[in-house]
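K.L.:
Fold the following and give me the result.
(one chain, ligands or ions: 1)
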Amino acid sequence: MERPRPRVRGRLSVVSVFDPWGSPLCTCPPKYSLNPYTGCSHFCLYCYATAYIGVRPSTPKRGFRERLLRDLPRLDPRFHIDVSTSSDPYPPEEERLRLTRWALSVLLPRGFRVLVITKGSLVARDVDLLSRGNAAVTITVTTMDRGLAARLEPGAPPPRERIRAMERLNAEGVPVGLRLDPIFPFLTDDPDSMREVLEAARSAGARFVVVSTFKARPDGLRRMVEAFPELEERYRRLYRVEGRWQSGYWYLPLPLRRRIIEDARRLALSLGYEFATCREGLAHLHTAPTCDGSHLIPRRVQSPRLSLKAEPPHGKPET
Ligand code: SF4
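P.N.:
Here you go, the predicted structure:
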């Protein structure tokens, strides 16, 4: 069956209709995607976006502000906007450039529904905007082990800082969810490791979790085995020999994926989470109404209020 798609009036410039690369395993609801930045200074070893654009620091999209303002009247407000899907909206550069903050200040007062997806604890800075608009935030935490996180996600804030950001957002009424995504065999798939993340995020107010196993693109797999040479043989066997290539990724063998996901599900449900998976083909295990957490987005602002002013631009001109 064809996926429903948001209607677009005319051509979009910087917003795009979310298209998960044609993956038949994607269960996301129809939505838009907005990336204020190209590249990502979090430099996660496992990043899939580098297969398209290489390893590059976060750089503002050229003409981002003008292009977003041009796109607004062309968007169908019934569909939410993910910020962001192929780069992080809160890299370290955002502290100075405030581009994501500016985008929120344009979108939220107009009633657009926004789902922020990030590893950046800087998201808590924008709690004033997020708590007044139709916004929810999902924060990725793959491990609570600070040292391991620093190896996997060298440019991202330590896990505790991300949990503190969740706490702050939740305290101010912003719905928060956890992305335990991805889970790495032999590194973070131990139930104790998953429990530690799930408990920390639950205590910080997360009530939804989406999990996935590490799906490898060739460059991501190479970076992982270079950083963890002790895993090289096992990863090559699991992904390249016993796993299978699907929709642009090597997947782990299904019995292993199922074991990891079912462990995570058991833990999550025992802590009272709504549970979903991301592109695993295991949607029958979901208890959450959506797999991306968009059901968390409240409906606080009902109608466009076009007279509201955006934040003044900050930082250097975009490149
Ligand atoms: S935060 Fe996301 S976009 Fe940025 S490097 Fe990590 S996986 Fe890639």
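K.L.:
Show the contacting residues for the residue lying closest to residue 157 once chain neighbours are set aside.
P.N.:
Leaving aside its sequence neighbours, residue 157 sits nearest to residue 121 (C-beta to C-beta, 6 or more residues apart in numbering; 4.4 Å). Backbone N, C-alpha and C define where each C-beta goes, glycine included. The contact partners of residue 121, by C-beta atoms under 8 Å, 6 or more residues apart in numbering, come to 90, 157, 161, 162, 164, 165.
K.L.:
What separation do you get for residue 121 and residue 213?
P.N.:
According to C-beta to C-beta, to the nearest Å, residue 121 and residue 213 sit 25 Å apart.
K.L.:
Can you tell me which residue of the stretch 51-200 of the chain sits closest to the ligand?
P.N.:
residue 88 (4.0 Å; C-beta to the nearest ligand atom).
K.L.:
can you tell me the helix or strand for that residue?
P.N.:
Using DSSP states H and E, residue 88 falls within no helix or strand.
K.L.:
can you tell me which residues contact it?
P.N.:
By C-beta under 8 Å, 6+ apart, residue 88 lies in contact with 37, 40, 41, 42, 58, 118, 119, 120, 156.
K.L.:
Could you list which of those residues also contact the ligand?
P.N.:
Within the set of the contacts of residue 88, contact with the ligand (C-beta under 6 Å from any ligand atom) is found for 40, 42, 119.
K.L.:
Quick check: residue 219 is in a helix.
P.N.:
Yes. Assessed by DSSP: H, G, I helix; E, B strand; the rest coil, residue 219 belongs to a helix.
K.L.:
Might you report the residue contacts of it?
P.N.:
Counting by C-beta under 8 Å, 6+ apart, residue 219 has contacts 50, 51.
K.L.:
Same question for residue 216.
P.N.:
By C-beta under 8 Å, 6+ apart, the contact set of residue 216 is 46, 224, 235, 239, 249, 250.
K.L.:
So which of those is the closest to the ligand?
P.N.:
The shortest approach to the ligand among the contacts of residue 216 belongs to residue 46, at 6.6 Å (C-beta to the nearest ligand atom).
K.L.:
Quick check: chain neighbours aside, which residue is closest to the closest one?
P.N.:
residue 220 (4.8 Å).
K.L.:
before we move on, what about residue 117?
P.N.:
Per C-beta to C-beta, 6+ apart, closest to residue 117 is residue 138, 5.2 Å.
K.L.:
Can you give me the separation between residue 267 and residue 254?
P.N.:
For residue 267, the distance to residue 254 - C-beta to C-beta - is 20 Å.
K.L.:
Now the buried members of the contacts of residue 216.
P.N.:
Neighbour-count burial within the contacts of residue 216 applies to 46, 224, 235, 239, 249, 250; the criterion is 16 or more other C-beta atoms under 10 Å.
K.L.:
from these, which ones fall inside helices?
P.N.:
224, 235 (DSSP state H).
K.L.:
any chance of the buried ones among the contacts of residue 216 in a markdown table, plus pLDDT?
P.N.:
A markdown table is the format used below for the buried ones among the contacts of residue 216 (pLDDT from 0 to 100):
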| residue | pLDDT |
| --- | --- |
| 46 | 97 |
| 224 | 98 |
| 235 | 98 |
| 239 | 98 |
| 249 | 95 |
| 250 | 97 |
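K.L.:
And the buried ones among the contacts of residue 216, which is closest to residue 186?
P.N.:
Checking the buried ones among the contacts of residue 216 against residue 186 with C-beta to C-beta, the nearest one is residue 235 at 8.2 Å.
K.L.:
Quick check, that closest one in contact with residue 223.
P.N.:
No. Applying C-beta atoms under 8 Å as the test, residue 235 and residue 223 come out as separate, 11.3 Å apart.
K.L.:
Which neighbours do these two have in common?
P.N.:
By C-beta under 8 Å, 6+ apart, no residue touches both residue 235 and residue 223.
K.L.:
Do a quick rundown of the helices in the stretch 1-150 of the chain.
P.N.:
Applying DSSP state H, counting those that start in this stretch to the stretch 1-150 of the chain gives helices spanning 50-53, 64-71, 94-97, 99-107, 127-130, 146-152.
K.L.:
so which of the ones you listed gets nearest residue 27?
P.N.:
helix 50-53 (22.1 Å).
K.L.:
helices and strands around the closest one, which ones?
P.N.:
For helix 50-53, the elements it packs on are helix 218-227, judged by 3 or more C-beta pairs under 8 Å, 6 or more residues apart in numbering; DSSP states H and E.
K.L.:
Looking only at the helix it packs on, what residues are buried by neighbour count?
P.N.:
Quick answer for helix 218-227 (16+ other C-beta under 10 Å): 219, 220, 221, 223, 224, 225.
K.L.:
Which member of the residues you listed is positioned nearest residue 179?
P.N.:
Closest approach between those and residue 179, by C-beta to C-beta: residue 220, at 16.7 Å.
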